[in-house]
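Undergrad: Quick check, what structure comes out for this input:
(chains A and B)
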Amino acid sequence: METMLTVEGLGKSFKDKRIIGNISFEVKKGEIMALLGPNGAGKSTTIRNIMGIMYPDEGSITFHNSKGKGIPRNKIGYLPEERGLYKNVKVMDILLYLAELKDYPLDRAKQRALDYLKKFGLEGKDKVSVEELSKGMGQKVQFIAAIIHEPELLILDEPFSGLDPVSQELFKEEIRSLAANGTAILLSSHQMNLVEEMADRLFLIHRGTRVIYGPLSEVKKEYANFKCSINGTNSLELLESLPEVERVQQNGESAVLYLSKHIQPAVWLKNLPAELDIQELSIDRISLHEIFIDIATDKNLLKEGAELHA
Amino acid sequence: MRNTMKVARWEIKRNLKNKSFIIGMFLTPIIFLAFLLLPDLFSSDEEAATTKVYVNEELGVYEQLEAAAANTEWRMEQTDVTEQETEAALGTEEDAAYVFIDEESVETGQVTVYTNEETSSAFMDEVQILGGPLQMLQIEQLGLTPEEAGIVAQGIVFEDAAVASDDEGLFSENMLKRVIPGAFAAVVMLSIVFTGMAIFQSASQEKKDKIAEIILSSLTPADLMQGKIIGYFVLGLVQVVVFIVIALPVLIWKIDFPVIEYLLVPELLVLLLIAILGYLLYAALFVGIGATMADMSTAGNFQGFVMMLPFSPFLFIGPVFSDPSGFFAQLGSYIPFTSPGVLILRLSLLEEWPWVEIIIAIAVLIVSVWIFMKLAGKVFQTGILMYGKNATPGEIWKWIRA
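TA: Next up, the predicted model:
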C-alpha cells in the first residue's frame, strides 16, 4: 500500500513542558490508522502539528504524493476536535465556502453537498441557517465539510464525540467506505470499542510518547492475553495457585484470572483442578478497552509487553 | 493572495446577507440626516410663529415704527387698548406684545412693553429696533441741526476688521473649498472604521463558533487576517456609497452649494490616503484584539482601552480648532493613533498646507501600519486558536515576542 503521510520523531514542548516526543508513524492509502490515547495524551497536539496549525520543535512530517514543499492543504480533509460552524449562514453557503477554500470546483461541491446531506438524513436542510441545526446535525455538516473536496488524506480528531449511537454508526459506515475507496484516514479517538471495529492499525499514545504501534490484529495478539472469569466459591489462594495465572481480581463469588501470554485455552482448561467450584466460566481476550484503561490509569499490567515493543 | 480574496469575498457576502448589517447600513445616513435636519425643522417652526405687536402711540410715529420693524417677523397693529386693559387682552392672545408710546416715553427714554408667556423669547431683543424712530423724535426736540441729528442718530459702531480674514465668515466660499473634501474624508474614515469594528467581532466570533481551526486547515492565519481586513474595507466603502447616495442629494438641496465641484479637488486624494491609512491602522488593532477575546461581553480593561484608541483624535479637537498649526496640532499629527483624525481636521482648517509636516506624518503612519500589521499577525495567529478564555496582556506580549 502506498504511504501517504510519514511522521518521524515529532516533538513539541510548551514552555519547559514536553507535550509530545519521538512520535513516528505512517498513514497509508486506503487504511484507517487510529491514534489512541487518554485525554491529554497529545493526540490533538500531534494532529495540529501535522496540519501546520502548530509548528513542531523537532521531527519531520512528510506528505508523499505532493509536489513542492508545505502542506498540500487541498488534498487533506480535517475535522478538528474543537469544531463549529459560522452561526448565521446557510448550510450550503458554508459548505461551498469551505470547498472554495480547497479550490474544489463549486458545481461538483454543490452536488456532493446535496448527496451527502441526503445520505445523512439532512435533505432539504441546505437552505437552513446553521444556528437552527441541532448539535448532531451540526456535527454531520462539519463532517461533510471535511470530505466535500474528496481529500486523499482525511484527519479526524475525535469524530464520534457527542454523537448518538445511530449517527456513530452512520459515521463509521462512511469512514469505512471512504477508506475502501482509497482515502488514507488518520483517526483519533478514545472510544476503544469503535476503534476496535474499524482500525487497521493503531498508535497508542500516553503522556506524549508511544506505547503501542502496529496492526490491530497483531496488537491484540501481542497484548490482549486471555482472561478467565469464574463464578463460584473459591479461595484466593486456590485461584492464585492455578497454573499460568498472573493476577487475580476477586470480588465475592466472582473472580477474574489474568492468564499469561501464549497459553492455549483448551489445554489450560483441561488442566484445571477438580476441587475448583465452577458455577459459570467464560474465557476471552482482554479487550482494547481494558488495555487502554490499564495504560491510562498507570496500572501497567502490560508494562512488560509494552517495553518489549516500545 | 488568492486565499485572501476568497476570505474577503466571503466576509462581504456574509455581511451583505445579514439583516442587521443591511439595516445598520441604511440607518447610518438616515440618522445623520435626521440630526442635520431636525433642528432645522424646529427652528423654522419658531420663525413661523410670528409675534403680534399692538402699538398704542400718541405721537403719530406709527409709520416710522412700522418701517423700522420691516425686517422683523412681526405683525404690527395699532390699538386703543389702554395700559389697564392689557392684562385681560394679553390673556386671550398667543405670542403677543403691547407697546405703549407717549410723550413721557420720549422724555424719559423708557417705553413700557407688555408681553405674555407665549411671547417669543427673542422679542425683547428685537423690540429695541423701535428705539430708532423714538430717538429721532428726542433729537428733534433738542433742536439740533439735521446734520448734527444725523451724526447723533448714527450712533457708534464697532467694526470687525480681523487681520487674517480677507472676506470670510465660517462658511465663506474659501472655507467650504477646504471643509468639504475634509468632511468627506472624515465620513469615509468614520464609515470604514465603524465597519472595521465589525472585524473585531468577526475575529472573536471565529473563536466563539470554533470554526477557526477548520478554516486554518485550508489557509494560513495571515490569509485569514488579511482577508478580513480587505473584506471589511470593502464593506466600509459600500457603506460610504450608500451614505453618499442617500445623504448627498439632501445636502445639495439643503446647502444650495456646488458641493461636487468643491469635493473633486486634488487635495481629496491626500485626505483619502490619510483616511485609508487610518483604517488599516485601526483594522490591525481590531483584528489583533478580536483574536484575543473569547467573547465581546467579557472584554477586559486592556481590550476596552485599545478599542477606544480610534476615538483618541477627539482629545485634540479643541486645541486643533483653536490653533490648527499649534503645538498640539503638530503633536497629534505625529502620534499614529491620533494622526488620521487630527490631520484631516487640520487640513480642513488650514489654508496653506504644511507639506513637510504632512509628508512626515504620512510616513509615520505608513510605518505604524506596517508595524501594527506585523504585531496583529502574530497575535492573531496564536489568539485565534485559543478557545474559551480571554488573553491577558502578558500572554499577548509573549505571543508578540515569540
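Undergrad: Three-state assignment for the residue lying closest to A:S60 once chain neighbours are set aside, please.
TA: Spatial nearest neighbour of A:S60, chain neighbours left out: A:E8 (5.0 Å); criterion: C-beta to C-beta, 6 or more residues apart in numbering or on different chains. Any C-beta I mention is one placed from the backbone N, CA and C, and that applies to glycine too. Counting by DSSP: H, G, I helix; E, B strand; the rest coil, the backbone at A:E8 sits in strand.
Undergrad: Could you measure from A:I94 over to A:Q142?
TA: 10 Å (C-beta to C-beta, to the nearest Å).
Undergrad: what about residue 194, how many neighbours?
TA: You didn't pick a chain, so chain A it is. When neighbours are defined as other C-beta atoms under 10 Å in any protein chain shown, A:L194 has 20 of them.
Undergrad: Chain B was what I was after
TA: B:F194: 15 surrounding residues under other C-beta under 10 Å.
Undergrad: How is the chain partitioned into domains?
TA: Defaulting to chain A. Domain assignment for chain A by automatic domain parsing gives A:3-218, A:225-285.
Undergrad: think we crossed wires, I meant chain B
TA: B:51-154, B:169-401.
Undergrad: average model confidence for the last one?
TA: This points to domain B:169-401. On average, the pLDDT along domain B:169-401 is 82.
Undergrad: so, in contact with chain A or not, it?
TA: Yes. Judged by C-beta under 8 Å from any C-beta of the partner chain, domain B:169-401 and chain A are in contact via B:205, B:209-211, B:213-219, B:385, B:387.
Undergrad: coming back round to it: what's the closest of the domains of chain A to B:A275?
TA: Ranking the domains of chain A by proximity to B:A275 (C-beta to C-beta) places domain A:3-218 first, at 29.6 Å.
Undergrad: Can you pull the phi/psi pair for A:L281?
TA: Per-residue torsions, A:L281: phi -150, psi 130 (degrees, to the nearest 10).
Undergrad: unless I'm mixing things up, it is touching A:N234, no?
TA: No. Using C-beta atoms under 8 Å, A:L281 makes no contact with A:N234, being 11.4 Å away.
Undergrad: Between those two, which has more neighbouring residues?
TA: A:N234 (19 against 13).
Undergrad: Spatially nearest residue to the more buried one, not counting backbone neighbours?
TA: A:D277 (5.5 Å).
Undergrad: In this structure the one you found contacts A:G232, no?
TA: Yes. Judged on C-beta under 8 Å, A:D277 makes contact with A:G232 at a distance of 3.6 Å.
Undergrad: residues contacting the residue nearest to A:S60?
TA: For A:E8, the contact set (C-beta atoms under 8 Å, 6 or more residues apart in numbering or on different chains) comprises A:S24, A:G59, A:S60, A:I61, A:T62.
Undergrad: Which residues of the stretch 1-150 of chain A lie near chain B?
TA: A:48, A:51, A:53, A:73-74, A:76, A:78-80, A:82-89, A:93, A:97-98, A:100-102, A:142, A:145-146.
Undergrad: For PyMOL, write a command that selects the buried ones of the residues you listed.
TA: For the buried members of the residues of the stretch 1-150 of chain A next to chain B, the matching PyMOL selection, counting by 16 or more other C-beta atoms under 10 Å in any protein chain shown, is:
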select buried, chain A and resi 48+51+53+73+76+78+79+80+82+83+84+85+86+87+89+93+97+98+100+101+102+142+145+146
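Undergrad: Centre of the chain to stretch B:269-286, how far?
TA: Relative to the centre of its chain, stretch B:269-286 is centred 20 Å away, using C-alpha atoms, centre = their mean, to the nearest Å.
Undergrad: The closest residue to chain A within the stretch 51-200 of chain B sits in which helix or strand?
TA: Proximity of the stretch 51-200 of chain B to chain A (C-beta to the nearest C-beta) peaks at B:A198, 12.8 Å away. Assigned by DSSP states H and E, B:A198 belongs to helix B:173-208.
Undergrad: Could you point out the helix or strand that follows that helix?
TA: Following helix B:173-208 in sequence order, the next helix or strand is helix B:212-216 (DSSP H and E).
Undergrad: Report the distance from that following helix to the chain centre.
TA: Offset of helix B:212-216 from its chain centre (C-alpha atoms, centre = their mean): 42 Å.
Undergrad: residues near whichever residue of the stretch 201-310 of chain A sits closest to chain B, how many?
TA: For the stretch 201-310 of chain A and chain B, the shortest gap (C-beta to the nearest C-beta) falls at A:G208, measuring 19.3 Å. Neighbour count of A:G208, defined by other C-beta under 10 Å: 23.
Undergrad: Which pLDDT does the model give B:V111?
TA: Looking at B:V111, its pLDDT is 82.
Undergrad: OK, contacts around B:I214?
TA: Contacts of B:I214 by C-beta under 8 Å, 6+ apart are A:Y78, A:L79, A:P80, A:R83, A:L85, A:L98, A:Q142, A:A145, A:A146.
Undergrad: What of A:L101?
TA: Here A:L101 is in contact with B:N3, B:K6, B:I215, B:S218, B:L219 (C-beta under 8 Å, 6+ apart).
Undergrad: I'd like these written out as TSV, with secondary structure and neighbour count added.
TA: Below are those laid out as TSV (DSSP: H, G, I helix; E, B strand; the rest coil; neighbours: other C-beta atoms under 10 Å in any protein chain shown):
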residue	secondary structure	neighbour count
B:N3	helix	20
B:K6	helix	20
B:I215	helix	21
B:S218	coil	24
B:L219	coil	18
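Undergrad: which residues touch B:M373?
TA: Residues in contact with B:M373 (C-beta under 8 Å, 6+ apart) are B:L280, B:A284.
Undergrad: List of residues touching stretch B:268-277?
TA: Contact partners of stretch B:268-277, identified using C-beta under 8 Å, 6+ apart, comprise B:181-182, B:184-186, B:188-189, B:192, B:233, B:339-340, B:343-344, B:347, B:358, B:362, B:365-366, B:369.
Undergrad: Just the buried positions in stretch A:166-184, please.
TA: Residues of stretch A:166-184 classed as buried by neighbour count (16+ other C-beta under 10 Å): A:S167, A:Q168, A:L170, A:F171, A:K172, A:E174, A:I175, A:L178, A:A179, A:T183, A:A184.
Undergrad: In helices, which of those appear?
TA: Members of the buried residues of stretch A:166-184 lying in helices (criterion: DSSP state H): A:S167, A:Q168, A:L170, A:F171, A:K172, A:E174, A:I175, A:L178, A:A179.
Undergrad: I figured the second one hits A:L194, correct?
TA: Yes. Here A:Q168 reaches A:L194: they are 6.8 Å apart, a contact under C-beta under 8 Å.
Undergrad: Which helix or which strand is home to the closest residue to chain B within chain A?
TA: Distance from chain B to each residue of chain A (C-beta to the nearest C-beta) is smallest for A:G84, at 3.3 Å. When elements are defined using DSSP H and E, A:G84 is found to belong to no helix and no strand.
Undergrad: Could you do A:G162 as well?
TA: Here A:G162 is assigned to no helix or strand, by DSSP H and E.
Undergrad: where does it fall, phi/psi-wise?
TA: According to degrees, to the nearest 10, A:G162 has phi 80, psi 10.
Undergrad: Next up, the contacts around it.
TA: A:K135, A:G136, A:Q139.
Undergrad: how about the nearest residue to B:L385, chain neighbours excluded?
TA: B:A212 (5.8 Å).
Undergrad: quick one: contacts for the one you found?
TA: Contacts for B:A212 were tallied using C-beta under 8 Å, 6+ apart; they are B:E206, B:L224, B:I384, B:L385.
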